[in-house]
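A.B. asks: Sharing a model that was predicted from the sequence below.
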Amino acid sequence: MTKLTFIHAADLHLDSPFVGMSNIPSLPFKRLKESTFQSAKNIFDLAVERAVDFVLLSGDLFDESNRSLKAQLFLRNQFVRLQTHGIEVFIIYGNHDHLGGEWTPIEWPENVQVFTSSTPSELSYYRGDQLVASIYGFSYKERAVYENMTFHYVKTTDAAYHIAMLHGTLAGQEGHDAYAPFQLQQLITRDFDYWALGHIHKRALLHEDPYIIYPGNVQGRHIKETGEKGCYLIQLSEDSRAADFISCADIIFEKLAIDITETAHMTDLVILVESKINELKEDGIPHFVRIELTGDAPSYLEHTQLEALEELMTVFHEQEEDEDVFVWVMSIDCRTNEEVIYPEDSFLKELTAEIAQFESYEELLSPIKRHPTYRKSGKALTQEDELDIKEEAQRLLTEQLKQL
């Protein structure tokens, strides 16, 4: 059996708007706006550097179904570059870039093969006259696909390798809409050599024989998508297999938990935070960070906590706004003394329970939804959005109550 080397990536989300981030200065914001493009380019650079056979892109290449001409031309130029190196590309479209949208279409170069059917079909990878691999997949015709598509994946050739591409949700994953849901055992029993998954932005190696992998998205887009992002480099042969994650993100989002128990003065806090920021800069990659101060609350923050931390954040912003490799502090949250156990009948316990049980988002948003701007550009809340809202509400509540 011949050796096969390829890159598996998903969820490029080109044209991501980075909602809520436009208030930062022009230099870091411009870098952020272009980060999805640069991260994608880093993947294609890697494909050329490693001389792979092909690249698998498992859905949500674009952030919206109404994909921009800029994003399409960017990908076309990258695909042409891959073509000059003899590298092929296989694409499925997911819930964000489904085929039901409206856009100005462009032609992909001949090395690109797109799955346009709404049920899994086969596309072939040849090396000379030899059929080396059969790739199977489907694209979303509309934003939501709720059917379990697993049983439509059937081998149809005698290729040496059979690889499945699927943009969907592993059953039981909380906080995600259950698009094209599947059970892990269902994939295993289909007897494919590799499952190239997409949709979930947190990378996960679900199974090793065969490999069943979520590569995650290639670029974090907010503070919920922390850490390294990138793709998997896959090597398959008759007697060995390897799956190596390679970071390709142009910008990294991160949460920094800093214990301030031992700080005696504000100066100590500043020095401690600056040391953590400088450690991140050693990677040579810009960061957006949320700092969480933990441990025992020091006396110097007792009466001026919010004001002091807001002023401190402004100081850090002024230091970083003109840097090429910056660490942009998005917030400084005081999480000190969180080991305090509140009585069961306490006010905080009651409010926490109210937040956890809240479900009336439609009623709450109904006045907003009647506004013309929302009707034109608004999006329905996902389960993940609702969880984020509850977590942020809980955080703000706890922080405000500390000031009482």
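C.D. replies: Perfect, I can see it now.

A.B. asks: how near is Gln113 to Ala243?
C.D. replies: Using Cβ to Cβ, to the nearest Å, Gln113 is found at 23 Å from Ala243. In this view, the C-beta of every residue, glycine as well, is placed from N, C-alpha and C.

A.B. asks: for Leu166, same thing?
C.D. replies: Distance of Leu166 to Ala243, given as Cβ to Cβ: 16 Å.

A.B. asks: Looking at these two, which is more packed in?
C.D. replies: Legend: neighbour count by other Cβ atoms under 10 Å for Leu166 and Ala243, higher for Leu166 (26 against 16).

A.B. asks: The more buried one is in contact with Tyr194, isn't it?
C.D. replies: No. Here Leu166 does not reach Tyr194: they are 11.0 Å apart, not a contact under Cβ atoms under 8 Å.

A.B. asks: and the helix or strand hosting His8, which strands flank it?
C.D. replies: Using DSSP states H and E, His8 maps to strand 4-9. Applying DSSP bridges to the sheet, strand 4-9 is found paired with strand 54-58 (parallel), strand 230-236 (antiparallel).

A.B. asks: looking at those strands, which is buried most?
C.D. replies: Highest mean neighbour count of these: strand 54-58, a mean of 26 (counted as mean count of other Cβ atoms under 10 Å).

A.B. asks: Following element in sequence after that one, please.
C.D. replies: helix 69-84.

A.B. asks: Strand 54-58 and that next one, what's the angle between them?
C.D. replies: 150 degrees (axes from the mean of the first three to the mean of the last three Cα atoms, to 10 degrees).

A.B. asks: Helix 69-84 - what's its average pLDDT?
C.D. replies: Per-residue pLDDT values over helix 69-84 give a mean of 98.

A.B. asks: list the helices and strands the next helix or strand after that helix packs on?
C.D. replies: For helix 69-84, the following helix or strand on the C-terminal side (DSSP H and E) is strand 88-92. Here strand 88-92 touches strand 54-58, helix 69-84, strand 112-114, strand 121-127, strand 130-137, strand 161-167, going by 3 or more Cβ pairs under 8 Å, 6 or more residues apart in numbering; DSSP states H and E.

A.B. asks: buried sites along the second one?
C.D. replies: This means helix 69-84. Residues of helix 69-84 classed as buried: 71-72, 74-75, 78-79, 81-83 (neighbour count, 16 or more other Cβ atoms under 10 Å).

A.B. asks: what residues does the helix or strand hosting Ile246 touch?
C.D. replies: Using DSSP H and E, Ile246 falls within strand 241-247. With contacts defined as Cβ atoms under 8 Å, 6 or more residues apart in numbering, strand 241-247 is touched by 46, 203, 205, 208-209, 211, 213, 215, 228-235.

A.B. asks: How about His98: what's its closest non-neighbour residue?
C.D. replies: Tyr140 (3.9 Å; Cβ to Cβ, 6 or more residues apart in numbering).

A.B. asks: quick check: mean pLDDT across stretch 33-51?
C.D. replies: For stretch 33-51, mean pLDDT is 98.

A.B. asks: one step back: mind putting the buried residues of helix 69-84 into JSON lines with distance to Asn148?
C.D. replies: Formatted as JSON lines, the buried residues of helix 69-84 follow (distance: Cβ to Cβ, whole Å):
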{"residue": "Ala71", "distance to Asn148": "31"}
{"residue": "Gln72", "distance to Asn148": "31"}
{"residue": "Phe74", "distance to Asn148": "34"}
{"residue": "Leu75", "distance to Asn148": "30"}
{"residue": "Gln78", "distance to Asn148": "33"}
{"residue": "Phe79", "distance to Asn148": "32"}
{"residue": "Arg81", "distance to Asn148": "37"}
{"residue": "Leu82", "distance to Asn148": "33"}
{"residue": "Gln83", "distance to Asn148": "36"}
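
A.B. asks: Strands along the stretch 151-300 of the chain, start to end?
C.D. replies: For the stretch 151-300 of the chain, strands defined by DSSP state E, counting those that start in this stretch occupy the ranges 161-167, 194-198, 204-208, 211-214, 230-236, 241-247, 252-259, 287-294.

A.B. asks: Among those, which comes closest to Glu102?
C.D. replies: Nearest to Glu102 among the strands of the stretch 151-300 of the chain is strand 161-167 (20.4 Å), distances taken as Cβ to Cβ.

A.B. asks: how far out from the middle of the chain is the closest one?
C.D. replies: In terms of Cα atoms, centre = their mean, to the nearest Å, the centre of strand 161-167 is found 21 Å from the chain centre.

A.B. asks: Report all helices and strands that it contacts.
C.D. replies: Secondary-structure packing of strand 161-167 (3+ Cβ pairs under 8 Å, 6+ apart): strand 54-58, strand 88-92, strand 130-137, strand 194-198.

A.B. asks: Compare the strands paired with strand 4-9 and give me the one nearest Gln357.
C.D. replies: Nearest of these to Gln357, taken as Cβ to Cβ: strand 54-58 at 35.9 Å.

A.B. asks: what's the angle from that closest one to strand 194-198?
C.D. replies: 50 degrees.

A.B. asks: Using CSV, write out the CA atom coordinates for strand 54-58.
C.D. replies: Provided in CSV are the C-alpha atoms of strand 54-58 (Å, rounded to 0.1, in the frame of the first residue of the first chain):
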residue,chain,number,x,y,z
PHE,A,54,-3.8,17.0,-0.9
VAL,A,55,-5.6,19.3,1.6
LEU,A,56,-9.0,18.5,3.1
LEU,A,57,-11.2,21.5,4.1
SER,A,58,-14.1,20.2,6.2
